[in-house]
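[1] Let's see this in three dimensions:
(2 chains)
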Amino acid sequence: MGSDPVIGSAPETGDGSSGSGPGEPVTRLAGAIRRPRRVGNQIGVIAGIVILLVVTGGLHPSFLSVASLANIAQAAAFFGIMSLGTVFLLAMREMDLSVGSIYGLAIVAAGLLVEHHTNPWVAAIAGIVLAIVLGAVNGVIASTFQLPVLIITLGTLTAYMGISAVLTGNTTISVNATGAFFTDLGGTYLHVPLMVYAFVVLAALLSVLFRRTRFGFAVRSAGANPRAAVLAGYRINRLRIMVTALSGLTCGIAAMLTFAYFGAADPSQGNGYEIQVIAAAIIGGTSLVGGSGTVWGALLGALLISLISAALIQFGVSANASYVVTGTVIVAAVGLDALIRRARNRTRARA
Amino acid sequence: MRPAPVCVLRGITKSFGATRALDSVDLEIVPGQVHAILGENGAGKSTLMKILAGAEKPDSGHIELGGQPAAFGTVREANDAGIATVFQETLLFGSLDVIENMAGGSYPTSRGMVDRRRMERMAAPILRQIGLDVPLDQPVEELTLAQRQLVEIAKGLLVKSRVLILDEPNSALQRQESERLFAVIRRLAADGVAVLYISHRLEEVFSLADTVTVLRNGKRIASVPVGESSIPEAIEMMLGSRPESLARSLPRPAPPGGTALSLTGVSAGKEVRDVDLTARAGEIVGLAGLDDAGPRQLMRLLFGQLKARSGRIEVLGGTGAPRSSAAAVRRRIAFVPADRAEEGLALTLPIVDNVVQVHVGAFSRSPIVRRRQLRKLAARALADSGADPDRMDPPVSELSGGNQQKVVFAKWRAVAPRLVLLEDPARGVDVGAKTEIFATVRELARQGCTVLFFSTEFQEYALICDRVVVFRSGSVVAELPAADATEHTLLGLVNGQER
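    Residues are numbered from 1 along each chain as shown, chains lettered A, B, ... in the order given. Got it, this is the predicted structure:
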């Protein structure tokens, strides 16, 4: 890690005995304005992914086949796309529990429209717009009552899920899944489903949005100290609504890709996704205290979660038991985050 | 002739990462004496106190208490051994009330249940002593900063202590409240308690303390009886070779320009009553008053954080106060709040991110964050504010209080403000940083910026202001030129004495 030049150290802090030389404490956070550090917080996730691939692949070579890996990546994309939006929320000290329900309702809406002979492309756009609105509603309510989004989405999680159930009578809507929408969007290219490409492209776009734009900067500022951000002229309510809408957008995109892939709208689709969605962001290195985050980390976190399930199945462990492992990994990730933060605080010279 | 020390520290050394905060410091604390610890921010005062208080562990060295070796793993252990501490930052629980906060972890119980009555009986005389008159069941988050500080002090006094550590206990207190605190401290000392007192206010220290120890860069420079030293000598020891230049020496050639701010009959909230006030471009106007007397609230009003009930407001050519802080910022109004950590800075973000925060949020047109351009902007703003322009990547939390405040100034300098509202801008800041901060304020005024200045330290008004407007109970009661705004005069006016 190339440390930035610290010329002449800092006389005012009174650390004259041992200034800040090249061996500066490793207490730097990735910010927009300083040179970015790509890896860093993600070393643990990457190591986990590599170890899982090597160990499982060594024992079951078929695990490393293109088809198997593509499957794992696709499973990650289903919920991982939503994790990308969750990074923005976490960076603002917020959390959206209704992501799975928004995703499900968007699929149901698009399915119903297609069932009633709407052009699937139009239906998909409607589904995405609906998802954005549902997300924004969370933000509007939270801002109106000045409550955390988490609290509001405890309610909307159930409400949105209920709307899906009411609209469908709790049965899956099968549509005539022919035409370019289903074959192209739901298709596979070079043995890899389109959804996986979309996941990577979205991660790239949102990573730029997070790190390099005024919007991303504002989100991190507001998350690091909301009160200070308000007093620096930030419109924090508007920002919160934009972030929840963005989270909705990622739900909508994930939903439409899922819809295209399955060619059916199952109202229970997305139930319980919120745990994996948020876990992927946290495992990826986005801290819960706000002010920082990593979009690529969320992608890696989703891959790790998906890999864990696949590997356990490979070893004959039941899918139910994989929840135990995933849960443990979440706790470990959160614990690690706290440990790192404490270590950082300890290196701080405050006299 | 001196009584035996109750507590002895030998060779205390402590490092944080690469920074040596304390370098083999010795200290002897004598019962019945007030022992002041002086030093600039970053000299190691707070670290030393934290070690004695059990909040930090030393890397090496040892502590003796009453002749026995002692090592405290926690504040609780230190408390039990008779060392009570009032920390610099208030560590209160906002949603708990005054009594619950004072009780902390040692709530008296009867039959397994907390005994609130007994706790109240224990707390009441202490609160009376220090003059904190608030309902005992009021959540502390509803108290003012000064009141919270008094709760913190009361909590420390509750412990039956042999050694009482006070780390800048009056940084948010007004003179009257401070005087009352000093009386309490003197009484405790007379009862045989050893008091360790940390403060930046040298005059107070010299009137209160029996012994003064000066730290610089983590080393003990001297421990002397106050009678054998003087304020200039102490400053000399604190600063080393650096000259002290807190005098009103900087040139202010540009005369104030046209009217930038005009208030007529303005009332807001409970605290601002029928205020008339004008300020011209390039003028530094002091707003003096006690905590809730109006200046602070007036600043919040001008920054869109408080609504006016009545009156006419004209700011920078616009009519009416800004409706939100976002609107205020866009009208190029800057606000430096007293509470840096809560309201001024995003401590976990890098210095550079804090410096460009206002610019990016309100003035940058480009949707993309232009890194190189912003770093240049930040470097200039930091240099203009007396901070190190080459140190912009560590989180702000790594800086000392004085340097953090320079970052706050840099943040506003980066957007060329036209009206600057300063709420205790030199709070908890050492002499050197204070000089630089005041120089920055003067430079802003020289460039035509209007400055409104509030401070809890009354001697600052004469140093920095062109004129001072005095508030009492929300109304303007006097206006005087800087030359007449002595600490003595201001104190009299804010406390209700006529000139």
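
[2] gap between residue B:453 and residue B:426?
    Using Cβ to Cβ, to the nearest Å, residue B:453 is found at 10 Å from residue B:426. Bear in mind the C-beta positions are built from the backbone N, C-alpha and C, glycine included.

[3] The helix or strand hosting residue A:125 and chain B in contact?
    When secondary structure is defined using DSSP states H and E, the element that contains residue A:125 is helix A:120-145. No - residues of helix A:120-145 are not located near chain B by Cβ under 8 Å from any Cβ of the partner chain, the shortest gap being 13.5 Å.

[4] is it true that residue B:361 lies in a helix?
    Yes - membership of residue B:361 in a helix is supported by DSSP: H, G, I helix; E, B strand; the rest coil.

[5] Contacts only, for it.
    Contacts here follow Cβ atoms under 8 Å, 6 or more residues apart in numbering or on different chains; on that basis residue B:361 touches A:214, A:217-218, A:221, A:229, A:232-234, B:329.

[6] Got a quick ChimeraX command for the buried subset of those?
    A single ChimeraX command suffices to select whichever of the contacts of residue B:361 are buried according to 16 or more other Cβ atoms under 10 Å in any protein chain shown:
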select /A:214,217,218,221,229,232,233,234 /B:329
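
[7] In the contacts of residue B:361, find the pair that's most separated.
    Looking at these by Cβ to Cβ, the two members farthest from one another are A:217 and B:329, with 15.3 Å of separation.

[8] okay, residue B:39: pLDDT?
    At residue B:39, the model reports a pLDDT of 82.

[9] Could you measure from it over to residue B:330?
    41 Å.

[10] Which of those two has more residues huddled nearby?
    Here residue B:39 and residue B:330 are compared on neighbour count by other Cβ atoms under 10 Å in any protein chain shown; more neighbours surround residue B:39, at 28 against 15.

[11] Overlap of the contact sets of residue B:453 and residue B:426?
    By Cβ under 8 Å, 6+ apart, residue B:453 and residue B:426 have these common neighbours: residue B:460.

[12] Go through the strand or helix carrying residue B:117 and flag the buried ones.
    Counting by DSSP H and E, the element that carries residue B:117 is helix B:116-130. Buried residues in helix B:116-130, counting neighbours by 16+ other Cβ under 10 Å, are found at B:116, B:119-120, B:123, B:126-127, B:129-130.

[13] And for stretch A:117-126?
    Using 16+ other Cβ under 10 Å as the test for burial, stretch A:117-126 gives A:120, A:123-124, A:126.

[14] one step back: just name the closest of the buried residues of helix B:116-130 to residue B:375, please.
    Among these, residue B:130 lies closest to residue B:375 (Cβ to Cβ), at 47.8 Å.

[15] Check what pLDDT residue A:82 gets.
    The per-residue confidence score, pLDDT, reads 97 for residue A:82.

[16] That one reaches residue A:273, doesn't it?
    Yes - the pair residue A:82 and residue A:273 qualifies as a contact (Cβ atoms under 8 Å) at a distance of 7.0 Å.

[17] So for those two, which residue has more residues nearby?
    When residue A:82 is set against residue A:273 and neighbours are counted by other Cβ under 10 Å, the residue ahead is residue A:82, at 34 against 21.

[18] residues touching that one, list them.
    Taking Cβ under 8 Å, 6+ apart as the criterion, residue A:82 is in contact with A:99-100, A:103, A:247, A:250-251, A:254, A:273, A:277.

[19] got it, and residue B:205?
    For residue B:205, the contacting residues are B:36, B:38, B:197, B:199, B:212, B:226, B:234, by Cβ under 8 Å, 6+ apart.

[20] That one falls within a helix, correct?
    Yes - residue state for residue B:205 (three-state DSSP) corresponds to a helix.

[21] residue in the stretch 101-250 of chain A nearest to chain B?
    Residue of the stretch 101-250 of chain A nearest chain B, by Cβ to the nearest Cβ: residue A:233 (2.9 Å).

[22] Just say helix, strand or coil for that residue.
    The local conformation at residue A:233, judged by three-state DSSP, is coil.

[23] Please verify my assumption that it contacts residue B:362.
    Yes - with contact defined as Cβ under 8 Å, residue A:233 and residue B:362 form a contacting pair (4.4 Å).

[24] okay, and the common contacts of the two?
    With Cβ under 8 Å, 6+ apart as the test, residue A:233 and residue B:362 both reach B:326, B:329-330.

[25] And those residues, which is closest to residue B:19?
    Nearest to residue B:19 among the shared contacts of residue A:233 and residue B:362 is residue B:329, at 34.8 Å by Cβ to Cβ.

[26] Any part of whatever helix or strand residue B:375 lives in near chain A?
    Secondary structure here is read from DSSP H and E; on that basis residue B:375 sits in helix B:371-384. Yes - Helix B:371-384 lies in contact with chain A when judged by Cβ under 8 Å from any Cβ; the contacting residues are B:371, B:374-375, B:378.

[27] Outside of that helix itself, which residues are in contact with it?
    Residues outside helix B:371-384 that contact it (Cβ under 8 Å, 6+ apart): A:32-35, A:212, B:351-352, B:355-356, B:359-360, B:388-390, B:392, B:406-407, B:410-411, B:413-414, B:440, B:443.

[28] Give me the buried subset of those residues.
    Of all the contacts of helix B:371-384 considered here, the ones buried according to neighbour count by 16+ other Cβ under 10 Å are A:32-34, A:212, B:351-352, B:355-356, B:359-360, B:388-390, B:392, B:406-407, B:410-411, B:413-414, B:440, B:443.

[29] Just these: which are in strands?
    Using DSSP state E, the subset of those located in strands is empty.

[30] got the residue ranges for the strands in the stretch 151-300 of chain A?
    Counting by DSSP state E, counting those that start in this stretch, the stretch 151-300 of chain A has these strands, from start to end: A:173-174, A:188-189, A:192-193, A:264-265.

[31] Residue B:316: which of those strands is closest?
    For these, the distance to residue B:316 is smallest for strand A:264-265, at 56.9 Å, taking Cβ to Cβ.

[32] buried stuff in the helix or strand encompassing residue A:69?
    Element membership of residue A:69 [criterion: DSSP H and E] is helix A:66-91. Buried residues in helix A:66-91, counting neighbours by 16+ other Cβ under 10 Å, are found at A:68-91.

[33] List just the nearest of the buried residues of helix B:116-130 to residue B:316.
    For the buried residues of helix B:116-130, the minimum distance to residue B:316 (Cβ to Cβ) is 42.2 Å, reached by residue B:130.
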